[in-house]
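[1] When you get a sec, could you give me coordinates for this:
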Amino acid sequence: MRRHPAASEGQLTAMRQRVVSGVACARAAQDAGLGERMVAAAPERMRATALDLAGRERVLAGLAEATIGGGWTDLGRDETAPAVVAAFMPELEAADPSQRDPKTALQEEAARMGEVVEYEQLAPDGPPHERTFTAIVRLRGVERGRGRGRSKQAAEQAAAATALGDLEAS
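    A predicted model of the protein is given here:
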């Protein structure tokens with residue numbers, strides 16, 4: 001709020017979501033070496049599993065969240081907050097109130113055109129611990145974008161980004 005005092009509540013909420021997203025948490029965990037620490041702390045018989053887990057975005061994001069929560073609980077806000085701000089500084093510096101995620105941008109563009117955005121999720125691919133999701137986005141029943149991601153939300157964002165590119169090209 002101090003960096004962008006003119007930003008609306010909606011813009012600040014969207015910025016917060018980008019700053020503390022799973023991707024941002026995983027990056028902060030990786031930068032802090034939390035994955036390596038998890039592997040080093042694992043019993044020898046679990047090292048291969050820990051090594052596999054340490055490379056997963058969701059696990060790294062969970063490690064970041066758990067570390068922040070533990071710091072908050074054990075040390076308190078005043079001790080923990082500066083470290084959290086430092087860990088997420090790349091995202092904070094890149095935060096832009098005018099930036100919109102692809103789904104929001106597509107929804108706004110469709111509203112200007114008097115269209116309704118429809119998403120369809122296809123069956124996920126891969127084993128349960130490594131699912132890949134595919135989404136299709138349609139306007140007037142016509143496919144305008146297809147996207148893949150590690151979550152349904154990520155797949156829809158990717159599909160919306162493709163659709164926006166398609167709309168801009170036409």
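[2] Point out where this structure drops to low pLDDT.
    Along the chain, no part satisfies pLDDT under 70.
[3] where's the residue lying closest to L53 once chain neighbours are set aside, which helix or strand?
    Leaving aside its chain neighbours, L53 sits nearest to V59 (4.7 Å; criterion: C-beta to C-beta, 6 or more residues apart in numbering). Every residue, glycine included, has its C-beta placed from N, CA and C. Counting by DSSP states H and E, the element that carries V59 is helix 57-75.
[4] If we go by neighbour counts, what in that helix is buried?
    For helix 57-75, burial by neighbour count (16 or more other C-beta atoms under 10 Å) applies to E57, V59, L60, A61, G62, L63, A64, T67, I68, G71.
[5] After it, which helix or strand is next?
    Downstream of helix 57-75, the next assigned helix or strand under DSSP H and E is helix 77-87.
[6] hmm, who's touching the helix or strand just after that following helix?
    Downstream of helix 77-87, the next assigned helix or strand under DSSP H and E is helix 89-94. Helix 89-94 is contacted by residues R3, R18, V19, V20, S21, A24, R27, V85 when judged by C-beta atoms under 8 Å, 6 or more residues apart in numbering.
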